[in-house]
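In: Predicted model, plus sequence, below.
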Amino acid sequence: MTGDGASRDADDATPPVVLKLGGSLITEKDRPETLDDDALPAACDAIADALADGAVERLVVVHGGGSFGHHHASEHGVSTTAGTRDPAAVMDVHGAMTALNRAVLDRLHERDVPAVPVHPLSLSARPAGADGDLDLPLSSTATLLGEGFVPVFHGDGVATAGEGVTVVSGDELVAELAAGLGARRVGVCSTVPGVLDADGAVIPGIDSFDAVADALGASDATDVSGGMAGKVRELLALDAPAHVFGAAGLAPFLRGEAAGTRID
Ligand SMILES: Nc1ncnc2c1ncn2[C@@H]1O[C@H](COP(=O)(O)OP(=O)(O)OP(=O)(O)O)[C@@H](O)[C@H]1O
Ligand SMILES: C=C(C)CCOP(=O)(O)O
């Protein structure tokens, strides 16, 4: 990835890697609006290295809310299903998430990664109905990728028919992006080294929710979007192989190696 804006042939496009940087990883999740000043730069180093040495050609980054989005959403009673019609509440959640997005972009730019923001509140919607699957148009993302950029999404508010604005989680965005862009591989980097079994050991592979349901919980921190159980559900539904890993697994994952728990 050069960032020189050179056009690439869309028909020839290498399928992208979709990577989520968990909010638990890049922020201090228990201290409102506080970055993790070790983990975020380290994650950006790994991304910059993988692009510079060609291990990854096309990359979409998604980051979660951590202590920026979840506290505001929780204070306003907003979740992935419960919405708000109060513009001040929407701005609290969206404003915190765009501030975190800016911090991620700044650290990627410092490392010459050609990262550009994509804000789901301006792009996406949930239609009415029980199976109101997220509508996430992807032509801007596909075009950005084709022009050599690294689109950086974030969990956000999302217009929701019948509810006002609800929360769209980074995990949900990862699933939509992976399916819609035909991702090569999907990585979810969090604070845990993988999905853990009841004894705290990393489960090497998961191919069915029921087989691991008893071990899967919500997040330890304030989280309006489902913690590890939500992640595993989203990732099992994908065609692309997905991996859940911790900070130490990020560089190996980007090199195409095994990392954490593989979900397929
Ligand atoms: N079986 C399990 N294995 C691993 N983690 C689990 C398990 N059950 C529950 N968890 C919790 O899930 C958390 C990871 O999910 P969480 O949604 O907090 O992460 P994240 O994606 O990094 O953060 P964010 O949602 O802010 O983006 C872990 O920190 C842990 O507290
Ligand atoms: C709370 C908000 C706005 C973002 C939720 O995204 P997640 O941290 O990926 O679950």
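Out: Good, I have the coordinates. Note that this is a predicted model, so its numbers are computed, not measured. Ligands and ions are numbered 1, 2, ... in the order given.
In: confidence score at the residue in the stretch 101-250 of the chain that ligand 2 sits nearest to?
Out: Taking C-beta to the nearest ligand atom as the measure, the point where the stretch 101-250 of the chain comes nearest ligand 2 is Gly155, at 2.3 Å. Using the backbone N, CA and C atoms, a C-beta is placed for each residue, glycine as well. At Gly155, the model reports a pLDDT of 98.
In: Which phi and psi values does it adopt?
Out: According to degrees, to the nearest 10, the main-chain angles of Gly155 amount to phi -50, psi 150.
In: what's the distance between Gly95 and ligand 1?
Out: 17 Å (C-beta to the nearest ligand atom, to the nearest Å).
In: Next, count neighbours for that residue.
Out: Summarising burial for Gly95: neighbours were counted as other C-beta atoms under 10 Å, giving 15.
In: Equivalent analysis for the one 4 residues further on, please.
Out: Using other C-beta under 10 Å, Ala99 has 13 other residues around it.
In: Ignoring the adjacent residues along the chain, who's closest to Glu33?
Out: With C-beta to C-beta, 6 or more residues apart in numbering as the criterion, Glu33 has its nearest non-adjacent residue at 5.4 Å, and that residue is Phe68.
In: sorry, back to before: could you measure from the residue of the stretch 101-250 of the chain closest to ligand 2 over to His119?
Out: For Gly155, the distance to His119 equals 11 Å [C-beta to C-beta, to the nearest Å].
In: which of the two has more neighbours?
Out: Under the neighbour definition other C-beta under 10 Å, Gly155 and His119 were set side by side, and Gly155 has more, 31 against 16.
In: For stretch 19-34, C-alpha coordinates in PDB please.
Out: Listed in PDB are the C-alpha atoms of stretch 19-34, where the atom choice follows Å, rounded to 0.1, in the frame of the first residue of the first chain:
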ATOM      1  CA  LEU A  19      -9.500  -6.200  11.000                       C
ATOM      2  CA  LYS A  20     -11.300  -5.000  14.100                       C
ATOM      3  CA  LEU A  21      -9.400  -3.300  16.800                       C
ATOM      4  CA  GLY A  22     -11.500  -3.900  19.900                       C
ATOM      5  CA  GLY A  23     -12.400  -1.000  22.000                       C
ATOM      6  CA  SER A  24     -11.200  -3.000  25.000                       C
ATOM      7  CA  LEU A  25      -7.800  -3.100  23.400                       C
ATOM      8  CA  ILE A  26      -7.300   0.500  22.300                       C
ATOM      9  CA  THR A  27      -8.900   2.300  25.200                       C
ATOM     10  CA  GLU A  28      -9.000   1.900  28.900                       C
ATOM     11  CA  LYS A  29     -12.500   0.600  29.000                       C
ATOM     12  CA  ASP A  30     -13.200   1.400  32.600                       C
ATOM     13  CA  ARG A  31     -12.000   5.100  32.400                       C
ATOM     14  CA  PRO A  32     -14.300   7.300  30.300                       C
ATOM     15  CA  GLU A  33     -12.700   8.500  27.100                       C
ATOM     16  CA  THR A  34      -9.200   7.300  27.900                       C
END
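In: That stretch and ligand 1 in contact?
Out: Yes. Against ligand 1, stretch 19-34 shows contacts by C-beta under 6 Å from any ligand atom at 22-25.
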